[in-house]
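> give me the fold of what follows.
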Amino acid sequence: MAAETDLKRAFDTVFSVPSSRVWKSARGRPYWVELEGRQASIAGPLYSIVENGGCEYVYARTDRAFTGVHDPESLRRRLLEWHGALVALLEKFVPASEAEEADMAFMRSNVAELRSLIDRAVEIESRRWGTR
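Now for the predicted structure:
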């Protein structure tokens, strides 16, 4: 029970805190908003795992996003692929001031937490499947 509560808290932190954050620069928040589409694709399966204990719906989908995702390991690969694309876009933000450096540090920290959340959620999914 504590692990599930901790996972829910981590999910809320990664996906909710940025919207209530007081951004330090004029460029930080708009740049983050541009990245939200990438984050949303990752959020769906993670949310299902956090709220329902699994994301069975993903495996039955045949759309472009989830074609080839048929078990927890392929889910992990897809989520990490999307995470890598998110990191690459994030790194295009070149801070030009201390305020922007602070925003970049926050964004990097959040994306690192997202990576950890992916690992933890897929571990739960793997246990559900009996593969771990």
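> residue farthest from the centroid of the chain?
Ser97 (26.9 Å; C-alpha atoms, centre = their mean).
> please report the distance of it from Gly37.
Going from Ser97 to Gly37 by C-beta to C-beta, to the nearest Å gives 26 Å. In this view, the C-beta of every residue, glycine as well, is placed from N, C-alpha and C.
> likewise for Gly28?
Distance, Gly28 to Gly37, by C-beta to C-beta: 17 Å.
> what do you get for Leu46?
Applying C-beta to C-beta, the value for Leu46 to Gly37 is 15 Å.
> please apply the same query to Val111.
Val111 is 14 Å from Gly37, by C-beta to C-beta.
> the more surrounded of those two?
Ranked by neighbour count (other C-beta atoms under 10 Å), Val111 and Gly37 place Val111 first, with 19 against 10.
> list the contacts of the most centrally placed residue in the chain.
For the chain, Leu114 is the residue whose C-alpha lies nearest the centre (C-alpha atoms, centre = their mean; 4.1 Å). By C-beta atoms under 8 Å, 6 or more residues apart in numbering, the contact set of Leu114 is Val14, Gln39, Ile42, His83, Leu86.
> ranges for the strands of this protein?
In the chain, no strands are defined using DSSP state E.
> tell me where it is predicted with low confidence.
For the chain, applying pLDDT under 70 flags the ranges 1-4, 131-132.
> now do the helices in it.
Secondary structure of the chain (DSSP state H): helices located at 2-20, 28-52, 57-60, 72-90, 98-129.
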